[in-house]
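Asks: here are the coordinates; sequence isn't available:
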Ligand code: URP
Ligand code: ZN
Ligand code: ZN
C-alpha cells in the first residue's frame, strides 16, 4: 500500500499562503504568460488527456472533515489539497467546483457483473456495469467471484477474464459453495496471492449456492485464521424452500409469491444464527443486503454486546417497498424480485435510521440485473424468476436525495456510508475512500442544486428496465474522475475498456484488531482443564 502512495508536492503547484503567493508569481510569471499563449492550443486536448487536474473552489468532503479547498491531481494521485492552489504548469485541466461538493467516488461493496445465476447470466458485464457506475458517481466496486463447481481457482480465472474490459477499479470477494481440503488451501492462495480478503457464504438458494451450518463453521474458522472477513447471505434456505412450496400449493405462482415465501423472520433467523456462530468462533462477520427491521435488530443486539458485526443495507431495501410485487403487469412486478425480498413499507425508513445511527455501516447495491426477457423465465413460477435488481448507477443519487436532502445524515456521513467505511472494512483505506494527499484520485463533483431523473431510456445499464423508473430528486453527480481521468462530464461518458485496475485487498483489517487478545482472555477464563488425580478413597 505505502509503495503506491506518493506524498511530495509537485514542483509546479503549491498551496499558497498570502506570503508565498506573490513569491510564486514573481518566480513563475514568465512561465504563466507562455502558458496563456499556449492555452488555446492545448485546451481541448487537455480536458481529455491531461495528467494533471486542478479542481478549484469546491467543498472538499471527507468522512472526518469538510473544508473549502482546491484539489490538485497528478498522474492519477491526489498531490495536494489546500486553499488557492496556483496553477503554473501546462496541460492542467482546471475544473471550477464553486458551490459544489468534491467527494471521494462511491465504492459499491456488493455487485454481480456477468454472473451465471438461475439458468441465465446477469445482463451487465464489467463494461456496461462499470460505465453505469461511473455515470452515477461510483468509482470502485467489489464483485463476487463464484467458484466453478466449487473450484475457487477456476472461478477466479474466469472472473479475471471477465474483468479485462473494466473501465474503473474493482476488487473481488469470493463465494464458498463447497468444503474440502482443496477449498481450504485455495482460500489461502486467494488471500495471499490474489488479494481477496473476504469470503461469502450463502445460507439460501437451496440446491445451488446454499451451504449448511457445518460448512459455515469450517468457513468461519478458516476466515479467522487467514484474517479474511466472512460474509453471509442470511436467509434460512430450507425454510424458504418450504415457504415456496406452500405458495405453489396455494396456487400463488406470480412475483408476490416470492415475498410471501420468504418473510422477514427467515432473514432474522439466519442473521441471528450466523452472528452466533461467528461469536462462537470469535471472528468478525459482515451481513450483506440487510433488508428487514428484524435482521437489523439482530445486528444491533450483537453490536451492543460488543460483537464485531457489519450490516450492509442495499439501496433497494432503503427506498423501495414490496407493493410492486403485487402489480398486475408481470414485467413490472418481476423486476422487483430479489433476495431477501424488498420488504413492506416501513422497513426502509427504519433501516435508514439505523444507518444514520451507525448500527448499519455502509450502503451497497447488490447490482444484479436481468432484463425483462430473462425475468420472464419465471412467468409461470416465481421460483424461476432470476433474483436481482439494478442500483449501481442510482445508489449515490438516491442516498443523497433520501438521506442528505432530508436531513437524516450530514454530508460527511454521506461520504462515510457510500465510500470511506467500505474502504476501511476491506482494508484499502486511504488509497480509496478519502481525499488525502497520496490517495487515488477517484473523485466526484456533486451539485446540490441540480436534480437527477432515473429512466431506463437514459441509464447506462444494458437492461431494458429500471426499478427506480421515473424517480427524480435533488443533487446530481456532474463530474466523475477515475484515477485522475475525467470519465463523466456534461452527461457524457469518456471511458476506455481495459483501463480499470484490479485492487488487491490485504487481510487483517481493523476488524481483527484485538481478536487474539480476546481469545487469550477466553482461554484464561476457562479454569480448565482441571488437574485431577485418581480417587484415593
Ligand atoms: O437477489 C439477489 N440478491 N441476487 C443476487 C445474489 C445474491 O443473493 O446476492
Ligand atoms: Zn445474497
Ligand atoms: Zn448479492
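Replies: That came through fine. Since we're looking at a predicted model, the values are computed, not measured. Ligands and ions are numbered 1, 2, ... in the order given.
Asks: Indicate the residue of the stretch 1-150 of the chain located nearest to ligand 1.
Replies: Nearest to ligand 1, among the residues of the stretch 1-150 of the chain, is residue 112, at 5.3 Å (Cβ to the nearest ligand atom). Glycine gets a C-beta too; all of them are placed from N, C-alpha and C.
Asks: pretty sure that residue is in contact with residue 143, am I right?
Replies: Yes: counting by Cβ atoms under 8 Å, residue 143 is a contact partner of residue 112 at 6.7 Å.
Asks: Those two: who's more crowded?
Replies: residue 143 (26 against 22; other Cβ atoms under 10 Å).
Asks: which ones are touching the residue of the stretch 101-250 of the chain found nearest ligand 1?
Replies: Minimum separation of the stretch 101-250 of the chain from ligand 1 (Cβ to the nearest ligand atom) falls at residue 233, amounting to 4.9 Å. Counting by Cβ atoms under 8 Å, 6 or more residues apart in numbering, residue 233 touches 200-205, 209, 288-289, 339.
Asks: so which of these are also by ligand 1?
Replies: For ligand 1, the contacts drawn from these by Cβ under 6 Å from any ligand atom are 289, 339.
Asks: Apply the buried test to the contacts of residue 233 and list what passes.
Replies: 200-205, 209, 288-289, 339 (16 or more other Cβ atoms under 10 Å).
Asks: For the stretch 301-450 of the chain, just list every one of the strands.
Replies: For the stretch 301-450 of the chain, the strands defined by DSSP state E, counting those that start in this stretch cover 309-311, 443-453.
Asks: Out of those, the one nearest ligand 1 is which?
Replies: That would be strand 309-311 among these, by Cβ to the nearest ligand atom, at 14.9 Å.
Asks: Tell me the strands beside the closest one, with direction?
Replies: strand 285-287 (parallel) (DSSP bridges).
Asks: what's in contact with the strand it pairs with?
Replies: Under Cβ under 8 Å, 6+ apart, the answer for strand 285-287 is 198, 220, 229-232, 234, 271, 274-275, 278, 295, 299, 307-312, 425.
Asks: quick one: is the helix or strand where residue 279 lies near ligand 1?
Replies: Residue 279 belongs to helix 264-281 when assigned by DSSP states H and E. No: Helix 264-281 stays clear of ligand 1 (Cβ under 6 Å from any ligand atom), getting no nearer than 11.7 Å.
Asks: Could I get the buried residue list for that helix?
Replies: Using 16+ other Cβ under 10 Å as the burial criterion, the residues of helix 264-281 that qualify are 264, 266-275, 277-279, 281.
Asks: ok, the residue of the stretch 1-150 of the chain closest to ligand 1 - contacts?
Replies: Counting by Cβ under 8 Å, 6+ apart, residue 112 has contacts 122, 143-144, 366-368, 388.
Asks: so which of these is the most crowded?
Replies: Going by other Cβ under 10 Å, residue 367 tops the contacts of residue 112 with 30 neighbours.
Asks: Quick check on the residue of the stretch 1-150 of the chain closest to ligand 1: phi, psi?
Replies: phi -130, psi 90 (degrees, to the nearest 10).
Asks: In contact with the residue lying closest to it once chain neighbours are set aside, which residues are there?
Replies: Among residues not flanking residue 112 along the chain, residue 368 sits closest, at 4.0 Å (Cβ to Cβ, 6 or more residues apart in numbering). For residue 368, the contact set (Cβ under 8 Å, 6+ apart) comprises 111-112, 115, 117, 122, 338, 387-389.
Asks: Any buried residues in stretch 449-463, and which?
Replies: 452, 454, 456, 459-463.
Asks: a markdown table please, covering those and showing secondary structure.
Replies: Output for those, formatted as a markdown table (DSSP: H, G, I helix; E, B strand; the rest coil):
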| residue | secondary structure |
| --- | --- |
| 452 | strand |
| 454 | coil |
| 456 | coil |
| 459 | coil |
| 460 | coil |
| 461 | coil |
| 462 | coil |
| 463 | coil |
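Asks: Low-confidence ranges, this protein, go.
Replies: Within the chain, the stretches with pLDDT under 70 are 1-50, 88, 537.
Asks: List, one by one, the residues from it near ligand 1.
Replies: 112, 233, 289, 338-339, 366, 368, 387-388.
Asks: from these, which is closest to residue 154?
Replies: Closest approach between these and residue 154, by Cβ to Cβ: residue 112, at 17.8 Å.
Asks: Noted, bye for now.
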